[in-house]
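S.K.: below is the sequence, then the predicted model.
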2 protein chains.
Amino acid sequence: MTALTSFRAPFVVFLGDIQSAMFAKTAFGLAQWRGEDCLGQVRLPGCTVDVGVAELDLPAAIAAGAGSVVIGSAAVGGGVAASWVPFLCQAAERGLDIVAGLHIRLESLPGLKAAAERGGARLVDLRVPPTNLPVGTGRKRSGRRVLTVGTDCACGKKYTALRLAEDLRAAGVDADFRATGQTGIMIAGSGIPIDAVVADFLTGAAETLSPDAHADHWDVVEGQGGLFHPGYLQVTVGLLVGTQPDAFVVCHDPRRQHVGGWPDFPLPSLQQVIDRTVAIGSLTNPAIRCVGISLNTSAMDASERQGHLARCAAETGLPCIDPLVEGTGPIIQRMLQEFPV
Amino acid sequence: MTALTSFRAPFVVFLGDIQSAMFAKTAFGLAQWRGEDCLGQVRLPGCTVDVGVAELDLPAAIAAGAGSVVIGSAAVGGGVAASWVPFLCQAAERGLDIVAGLHIRLESLPGLKAAAERGGARLVDLRVPPTNLPVGTGRKRSGRRVLTVGTDCACGKKYTALRLAEDLRAAGVDADFRATGQTGIMIAGSGIPIDAVVADFLTGAAETLSPDAHADHWDVVEGQGGLFHPGYLQVTVGLLVGTQPDAFVVCHDPRRQHVGGWPDFPLPSLQQVIDRTVAIGSLTNPAIRCVGISLNTSAMDASERQGHLARCAAETGLPCIDPLVEGTGPIIQRMLQEFPV
């Protein structure tokens, strides 16, 4: 069985009743990177997160021509609240595809499968890894790879990778974005949901995702988790060693003090993340090196922003950017300088 | 759904036609640790591995009163060769339970389900993790934990953990062996097959396996993989951080030059394994420390054995033993000294 990785556009994002933007990565990612297909957001009473797109209800979404409802929030563990199910059933009954990247399967939600059958709608689960993934071999593959890593979850790894791939192509470099999470897969239309793979096959899944390529091709691999994350570091480690990246970019949210949702775990420093990434990544690529830092400065004014970027550049001696403000140009320059064609 | 973790004794181990002892860990483990229930081995033509128990065929196994056939070999990736299936079908048809700890499900083997139905036999898959595992929290749990780690796969982590648990109990310490692999689960009758867990829930599975306990209780957790293994290190990392061990024992086969089955990857040194285990394990237990080295000296004569143990003790400054020769006494002494009740 191969997972469906595409769904009917245009779509609306469904936020349920969540109250933390950190758990709405999918909705924000789709609004940012597939804005042309995103008609708006549907929110239940109590929801305090706003993705910044048009506010819709079901009749308005249908009137606007929506083909799908995308569940745009992902709670810890990947569940759906019981209070979200009635809306999903109503939408499916009216013929809208329901799309999700959850650890559970949509058809396990009470009544949803029957509603979809009545409405002629599809239930599209994007977090289903391919079957028959191999065990990782560690064999050196041809072509170049860059991986985004982070000081935490939800700190810019996907945005940075998407922008790196765009900017590489704009600079005339042959590059592919390789999605590893549900939102990245929704944006790219392909990928492997790496955190849903059985543990033994995680390095093999990462190897499958960025196969042999010609010598001057770059795969830009979307990172997951964090090497100092007490819940998810094993995912990060498997992705790192399987990807065997030549280069990596550290993503960081300077406002964060501790691991998001794990208040007893302080955020590691940039240098700790660089050192640990090199130590572990050296197993399958002894020449691995850091080529830049990507900061999320979205909540800062211009002067605070410049201060953070300058401090970070002084601390690491590396190009520091916010990919959504100035793009990834300085990092790409560094990559092409360190890895000449 | 909870996996079955027990099966009908006595049993025979089935080796198929394998030619490397490294892939017969289950058969050797059962012969060693459940020898009283193991009637013998069944081997197909071409098999060169000998577990050292009675040689049987199907009629002899039935005449001896066998209740189960346990598939005693696990190839890379956990598969079954097509040439093994006819024997398994014949055994099931004659009413013997078929037991396996494979990544595939027994009922996916052609004809086996029907044969089991005809013979009234059960198909027992032991590598099915529990459902609803949580994400790892990193919360400090009460009680003590010791984890076996290794320079490679198949170098003594299970044997060392089993012997540590036995020797701790013999010393009057309340201790439990916590199985993490199919063979350990077959021996102990419970456990979680950690390498079959979905990647996101690996640390949570490890936390579930060794829950809160009273202050002077020790959980002895069976290690998996190796931190320098290009295929499986993510499993090792998740188990380490989720277990949050106070103490760990490094297991090593001194004859091995490279990672078994991965000839391009040299074996790490004992000190590299100690340092990396401390570096990563510190995330959830900053006081983690190494309490001993366990060598597999089974292929050595007495003088070579003593030489290896002495060199290893000099190199690390730690108690060094072969658990199957002298037991784990010196390591337990060190543990109880470092962690007084």
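M.R.: On my side now, so go ahead.

S.K.: chain B versus A:Ser298, what's the distance?
M.R.: Separation of A:Ser298 from chain B (Cβ to the nearest Cβ, to the nearest Å) stands at 26 Å. Backbone N, C-alpha and C define where each C-beta goes, glycine included.

S.K.: OK, contacts around the residue lying closest to that residue once chain neighbours are set aside?
M.R.: Leaving out its chain neighbours, the residue that sits closest to A:Ser298 by Cβ to Cβ, 6 or more residues apart in numbering or on different chains is A:Leu324, at 6.9 Å. By Cβ atoms under 8 Å, 6 or more residues apart in numbering or on different chains, the contact set of A:Leu324 is A:Gln32, A:Tyr159, A:Arg163, A:Ser298.

S.K.: next to chain B, which bits of chain A? Give me the list.
M.R.: For chain A, the contact set with chain B under Cβ under 8 Å from any Cβ of the partner chain comprises A:76-78, A:103, A:134-139, A:194-200, A:202-204, A:228, A:230-235, A:237-238, A:241, A:262, A:264-265, A:276, A:279-280, A:283-284.

S.K.: name the element the spatially most distant residue from the centre of chain A belongs to?
M.R.: Distance from the centre of chain A peaks at A:Arg118, with 33.0 Å (Cα atoms, centre = their mean). If you go by DSSP states H and E, A:Arg118 is part of helix A:112-119.

S.K.: distance from the chain centre to the very next helix or strand once past that helix, please.
M.R.: As assigned by DSSP H and E, the chain's next helix or strand after helix A:112-119 is strand A:123-125. With Cα atoms, centre = their mean, to the nearest Å as the basis, strand A:123-125 stands 18 Å off its chain's centre.

S.K.: re earlier: name the SS class of the residue nearest to A:Ser298, please.
M.R.: Of the three states, A:Leu324 takes coil according to DSSP: H, G, I helix; E, B strand; the rest coil.

S.K.: distance check, it against A:Arg144.
M.R.: The spacing between A:Leu324 and A:Arg144, counted by Cβ to Cβ, to the nearest Å, is 24 Å.

S.K.: circling back to that earlier point, let me have the contacts of A:Leu324 in TSV, extended by secondary structure, pLDDT and neighbour count.
M.R.: TSV is the format used below for those (DSSP: H, G, I helix; E, B strand; the rest coil; pLDDT from 0 to 100; neighbours: other Cβ atoms under 10 Å in any protein chain shown):
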residue	secondary structure	pLDDT	neighbour count
A:Gln32	helix	93	17
A:Tyr159	helix	96	24
A:Arg163	helix	98	24
A:Ser298	coil	90	13
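
S.K.: which two of the residues you listed have the greatest separation?
M.R.: Spatially, the most separated pair among those is A:Arg163 and A:Ser298, at 13.5 Å (Cβ to Cβ).

S.K.: neighbours of the closest residue to A:Gly46 other than its chain neighbours, how many?
M.R.: Leaving aside its chain neighbours, A:Gly46 sits nearest to A:Asp17 (4.1 Å; criterion: Cβ to Cβ, 6+ apart). Using other Cβ atoms under 10 Å in any protein chain shown, A:Asp17 has 15 neighbouring residues.

S.K.: next up, the contacts around A:Asp17.
M.R.: Taking Cβ under 8 Å, 6+ apart as the criterion, A:Asp17 is in contact with A:Arg43, A:Leu44, A:Pro45, A:Gly46, A:Cys47, A:Ala81, A:Ser83, A:Trp84.

S.K.: also A:Val291?
M.R.: The contact partners of A:Val291, taken as Cβ under 8 Å, 6+ apart, are A:Val146, A:Ala247, A:Phe248, A:Val249, A:Leu318, A:Pro319, A:Ile331, A:Arg334, A:Met335, A:Glu338.

S.K.: need the per-residue pLDDT for A:Leu102.
M.R.: If you check A:Leu102, the pLDDT there is 86.

S.K.: just the one 4 residues further on next, same as before
M.R.: According to the prediction, A:Leu106 has pLDDT 95.

S.K.: ramachandran coordinates for it?
M.R.: Main-chain torsions, A:Leu106, degrees, to the nearest 10: phi -60, psi -40.

S.K.: touching, it and A:Leu123? I think so.
M.R.: Yes: counting by Cβ atoms under 8 Å, A:Leu106 touches A:Leu123, with 4.0 Å between them.

S.K.: wait, a strand at A:Arg169?
M.R.: No: A:Arg169 sits outside any strand when classified using three-state DSSP, being helix.

S.K.: any idea how far A:Pro266 is from it?
M.R.: 38 Å.

S.K.: cool, and A:Arg178?
M.R.: For A:Arg178, the distance to A:Pro266 - Cβ to Cβ - is 31 Å.

S.K.: contact partners for A:Phe62?
M.R.: For residue A:62 the amino acid is Ile, not Phe. Contact analysis of A:Ile62 by Cβ under 8 Å, 6+ apart lists A:Arg94, A:Leu96.

S.K.: okay, now the unreliable bits of chain A?
M.R.: Applying pLDDT under 70 to chain A picks out residues A:1-4, A:75-78.

S.K.: which residues in it form helices?
M.R.: With helices called from DSSP state H, chain A shows them at A:25-33, A:58-63, A:85-93, A:112-119, A:157-170, A:182-188, A:202-209, A:233-243, A:270-281, A:302-316, A:329-338.

S.K.: what comes up buried for the first one?
M.R.: Burial within helix A:25-33, assessed by neighbour count using 16 or more other Cβ atoms under 10 Å in any protein chain shown, is assigned to A:Lys25, A:Thr26, A:Ala27, A:Phe28, A:Gly29, A:Leu30, A:Ala31, A:Gln32, A:Trp33.

S.K.: just the residues you listed now: which is nearest B:Gln271?
M.R.: When the buried residues of helix A:25-33 are compared for distance to B:Gln271 (Cβ to Cβ), A:Lys25 wins out at 40.6 Å.

S.K.: what about the closest one, distance to B:Leu106?
M.R.: Distance of A:Lys25 to B:Leu106, computed by Cβ to Cβ: 39 Å.
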